[in-house]
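Asker: Sequence first, then the predicted structure, then my questions.
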Amino acid sequence: MSGFTVYSATGCVRCKIVKGYMDAQGMTYVEKDMKAEGKEDFQKFYAANRRQIFRGPEGVEFPIVTDGTAIRQGVGACLAYLYAGRELDGFFSAGTLHKEWVDGIHAAGGNPAAGEKFLAVVRLLKGNNFKLVVDTYGRNPALLEKLLAENLVDVAVMEVMASAGLAGAIFGQPLAQEDIERSVALVATAPEYRFQTTVVPVAEGGQARYLTPQEVVAAAKLLATVTRSKKNPYLIKLYRPVQPKDERLGELAPLPAAALLAYRSQARAYQVLAEAEKE
Amino acid sequence: MGEVGAVGKAVPPAVKFHREHTWARPDGDTVLVGISDYAQGQLGEIIFIELPQVGDSVKKGQQFGNAESVKTVSALFAPLNGEVVALNADLADRPELVNAEPYGAGWMIRVKADDMAELAELLSPDAYQNILQA
Amino acid sequence: MAYPSVYPTGVTIYDPKKCWSGYTIFQAKEAGALLIDMNGTEVQLWKGLHGFPNTILPGGYVMGHLGLRNNAFGMQDQTDLVQVDWDGNVVWKFNQYEYIEDPGEEPQWMARQHHDFQREGNPVGYYVPGMDPRVDGGNTLILCHKNLYNKKISDKRLLDDTIIEVTWGGDIVWEWTCSDHFDEFGFSEAAKNILCRDPNMRTAGGGMGDWMHVNCMSVLGPNRWYDAGDERFHPDNIIIDGRETNILAIIDKKTGKIVWQVGPEYDTSPALKKLGWIIGVHHTHMISRGLPGEGNILLFDNGGWAGYGVPNPGSPTGSKNALRDYSRVLEFDPVTLQIVWQYTPKEAGFVHPPDSNRFYSPFISGAQRLPNGNTLITEGSGGRAFEVTPDHEIVWEYISPYWGKQMKMNMVYRAYRVPYEWVPQAERAPETPIERIDVAKFRVPGAAPLGRKKETAIEGTKPYQGSTALCIAAAEEVDEK
């Protein structure tokens, strides 16, 4: 394969890891350092593709790899694309964590048929001494189990919906109730873990509504039943609309952070450590 | 880049400021609009400027576009009411002009003001400087 | 100062004509919530009911707490907030703020309440004409604790103050966390330095920094400032103070931001200098509409030791760097900061400063404005509650006879006067005046009466003079400086 461009930043360790991988595989590429000689080219690339470029809390995430047809951003997503092309789509995205931490690894996100390749990329990341945050919403529990068995997970995060029907509608992929419950049990065995439920808008009968306190309570109850513990770390998260417009939101007004307090009060009947995210 | 907290680069005569870090300057019977030296300094190297289209109307204090750098995206707020009659076409290829000459070649939109008297309501360079220092 | 070892307790002064008479509720040390009448008759003790503070609601309800978290693990955390009826039945209870598992203790939900709470309908926790607190519904604002870390303040574990609003059904619908607003308080570099090194570390629970120590929380209620367009004084806004920081602050209920503040420094403007350095303050609140002085801020400026800042000989590290050995009750205009009324050692009639610590409580205490313009002051550390007229005459005084066994003080956290009508169950007793005893003539059995067996005049002696030639400057000499 040829024709790759790597947009990097001077001093970016993750860029070096991606370049190192390409060098080792004998892949040819052009590097554009956006802080040095590649400044103008990056600006042009950015202007043409800005809708597809992810910004974390500290700005545009590097490295960015493109072959003219696809753009991949962040160390995990770049390595996955270089390793297996589009086969691993959904498993990785540009994360928001830095230094030794890598997130944006989605056990539930991709095609389980590509599971072995997914594991190979996670091993590659772990081999670079990163600490890994792996998230799931319940699909592909078998992959999660393998990750945990190989000690590839430092922190596991699960977005919990109590019913497979609701989860399927929210995440856009059908999934089995049994898989949700198995995932909950697995997540609770990670060295560090957290459950969360984001109070997202749900389309129902042509109308949008937010997840109800009862639905969050049901999720908290499911956690209690499966883990046999009322003391799991559980965060009720505020939904942040995707810019420019999240179609799911419809005419719904943004939910104020204070509204989550009522969800928290009720969820605490089953998960006493439940917390509500702040603004 | 000017000192943080200062208006910075020499401000041409007749430039008036909006507290959200944009400026307006009469040019013939229209008004040029851009961002302050302080704002460009806060953004860092600008890599893209998203502007409205010619014919769009802008409302005082409301967003008319975005200035984007690697580290941040900053909303641009209109200093007065009016209609966009021209865009600075140079910025598409050279957004860094805003960093280099925020009050000159880095202007962003040309506006036909609903009421030129609105300019008088904007902040003088000194008053804007006071806001920055507060 | 020389505290006598023998002195009377109970009511010592009572002038029914000048008093705003009613019942007084307070937490009798290690006994319970005690309701007394003007002559000190103990009308009812809700035995063992903690009170931080106790308040009375119309209908003879008392508010308090069933217990206190083990001191080894918590700092002043009340397990709950309860409303108890005249017969001792708990009719409302809130405790679901944090699930606590302390070693060797039964795991349980706790409110972690401390220092204050306000029931909807009444802004300040005491009697205001036409603003009765609700007794069978409504929300309750509760001042609580939470442990957290905030690197902006210190790397040490903090004991933070939070305010929650709880519905009658027990749902938390609003929450405010003090440390979130650290940047808004405007601490000096010197203050930040010592705060970082020692955020008032206490030993409970393996150590926690009680950095702000909010000790009161009330609602502004309707007021003339807001009516005139000053949004800072929105009736829903909440006023607090921080004992450790010497800060008085108003919180915007909508945004949570600090919109009005006095302190932590008191030398940065002529108005603040005139107000004087407020230290270790308690019970800062706005006098509610319908009471004399409405719209002014009333507080008990303890003195003692508090604040973070530049080290000085009394504070080698800069921790608790403001010191004063007497107290002041201040009523001031929140806009001009001008003092409208005060009760300090001077108004108490003590020679200042050598005798000023006769009015001094370095901790707890409070002040309640009464409908006739009098002020009920709790000088807490000595267990004294007294009512003074606007011209500073003491018309009622009570010394608590309740010394604790665990803590050998007769301290009173905060006393509240309520109208007789709020306690319909009690039979109203006659109001018997108690004349102020002439202490010079007052003797205990066995002590000799006042008077000399022999008096001899010496020729050539000169008359005695005033206080200007004491070892220390005093009275007028101090005032003139």
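Answerer: On my side now, so go ahead. Numbering: from 1, shown residues only, chains lettered A, B, ... in the order given.
Asker: contacts, neighbours, all on C-alpha from now
Answerer: Fine.
Asker: In space, not sequence, find me the middle residue of chain A.
Answerer: The residue lying closest to the centre of chain A (Cα atoms, centre = their mean) is residue A:104, at 3.9 Å.
Asker: Surely that residue touches residue A:80?
Answerer: No - between residue A:104 and residue A:80 there is no contact under Cα atoms under 8 Å: 11.9 Å.
Asker: okay, and the common contacts of these two?
Answerer: The contact sets of residue A:104 and residue A:80 overlap at residue A:92 (Cα atoms under 8 Å, 6 or more residues apart in numbering or on different chains).
Asker: list the helices and strands the helix or strand in which the residue nearest to the centre of chain A is found packs on?
Answerer: In this assignment (DSSP states H and E), residue A:104 forms part of strand A:101-106. Contacts defined by 3 or more Cα pairs under 8 Å, 6 or more residues apart in numbering or on different chains; DSSP states H and E place strand A:101-106 against helix A:75-84, strand A:131-136.
Asker: can you list contacts of the helix or strand that the shortest one is followed by?
Answerer: Toward the C-terminal end, the helix or strand that comes next after strand A:131-136 (DSSP H and E) is helix A:141-149. The set of residues that contact helix A:141-149 without belonging to it, under Cα under 8 Å, 6+ apart, is A:107-108, A:112, A:115, A:119, A:153, A:179-180, A:182-183, A:186, A:190.
Asker: Looking at the stretch 51-200 of chain C, what residue ends up closest to chain B?
Answerer: Going by Cα to the nearest Cα, chain B is nearest to residue C:186 of the stretch 51-200 of chain C, at 13.2 Å.
Asker: measure residue C:323 to residue C:274 for me?
Answerer: From residue C:323 over to residue C:274 the distance is 17 Å, taken as Cα to Cα, to the nearest Å.
Asker: And the two? Which one has more around it.
Answerer: Neighbours were counted for residue C:323 and for residue C:274 using other Cα atoms under 10 Å in any protein chain shown; residue C:323 has more, 18 against 13.
Asker: any idea which helix or strand carries the more buried one?
Answerer: Under the criterion of DSSP H and E, residue C:323 resides in strand C:319-324.
Asker: Which helix or strand lies directly C-terminal to that strand?
Answerer: strand C:328-332.
Asker: Just the mean pLDDT for that following strand, thanks.
Answerer: Averaging pLDDT along strand C:328-332 yields 98.
Asker: OK, now which residue of chain B is nearest to chain C?
Answerer: With Cα to the nearest Cα, the shortest gap between chain B and chain C falls at residue B:134, namely 13.2 Å.
Asker: what secondary structure does the residue of the stretch 201-350 of chain C found nearest chain A sit in?
Answerer: Going by Cα to the nearest Cα, chain A is nearest to residue C:254 of the stretch 201-350 of chain C, at 10.2 Å. The local conformation at residue C:254, judged by DSSP: H, G, I helix; E, B strand; the rest coil, is coil.
Asker: And residue C:357, by the same measure?
Answerer: Look at residue C:357: counting by three-state DSSP, its state is helix.
Asker: So residue A:181 sits against residue A:226, correct?
Answerer: Yes - using Cα under 8 Å, residue A:181 is in contact with residue A:226, at 6.5 Å.
Asker: Pick out whichever of these two has more residues nearby.
Answerer: Per other Cα under 10 Å, whichever of residue A:181 and residue A:226 has more neighbours is residue A:181, with 22 against 15.
Asker: Tell me both backbone torsions, phi and psi, for residue C:390.
Answerer: Dihedral pair for residue C:390: phi -60, psi -30, per degrees, to the nearest 10.
Asker: Could you find the closest non-adjacent residue to it?
Answerer: residue C:374 (5.7 Å; Cα to Cα, 6 or more residues apart in numbering or on different chains).
Asker: same check, this time on residue C:376
Answerer: The shortest distance from residue C:376 to any non-neighbouring residue, by Cα to Cα, 6+ apart, is to residue C:387 (4.3 Å).
Asker: just checking, residue A:77 touches residue A:95?
Answerer: No - contact criterion Cα under 8 Å: residue A:77 and residue A:95 do not qualify, at 9.0 Å.
Asker: Neighbour count: the two, which is higher?
Answerer: residue A:77 (27 against 21).
Asker: Name the residues of chain A found near chain C, please.
Answerer: Applying Cα under 8 Å from any Cα of the partner chain, we find that chain A lies next to chain C at A:258-259, A:261-262, A:265-266, A:272-273.
Asker: Could you rerun that using 6 Å?
Answerer: For chain A, the residues in contact with chain C (Cα under 6 Å from any Cα of the partner chain) are A:258, A:261-262, A:265, A:272.
Asker: okay, the nearest residue to the residue of the stretch 51-200 of chain C closest to chain B once chain neighbours are set aside: pLDDT?
Answerer: Leaving aside its chain neighbours, residue C:186 sits nearest to residue C:264 (7.9 Å; criterion: Cα to Cα, 6+ apart). Predicted confidence (pLDDT) for residue C:264: 97.
Asker: can you check the one 3 residues further on too?
Answerer: In this model, residue C:267 is scored at 96, pLDDT.
Asker: SS state for it?
Answerer: Following three-state DSSP, the label given to residue C:267 is coil.
Asker: Likewise for residue A:48?
Answerer: Reduced to three states with three-state DSSP, the structure at residue A:48 is helix.
Asker: How many neighbouring residues does it have?
Answerer: Look at residue A:48: counted by other Cα under 10 Å, it has 11 neighbours.
Asker: May I have the helix or strand of chain C with the lowest mean pLDDT exported as CSV, CA atoms only?
Answerer: The helix or strand of chain C with the poorest confidence is helix C:476-479; it has a mean of 76 (mean pLDDT, DSSP states H and E). Only the C-alpha atoms of helix C:476-479 are listed here, as CSV (Å, rounded to 0.1, in the frame of the first residue of the first chain):
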residue,chain,number,x,y,z
GLU,C,476,-11.3,57.3,74.9
GLU,C,477,-7.5,57.1,74.4
VAL,C,478,-8.1,54.1,72.0
ASP,C,479,-11.1,55.7,70.3
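Asker: No further questions, thank you.
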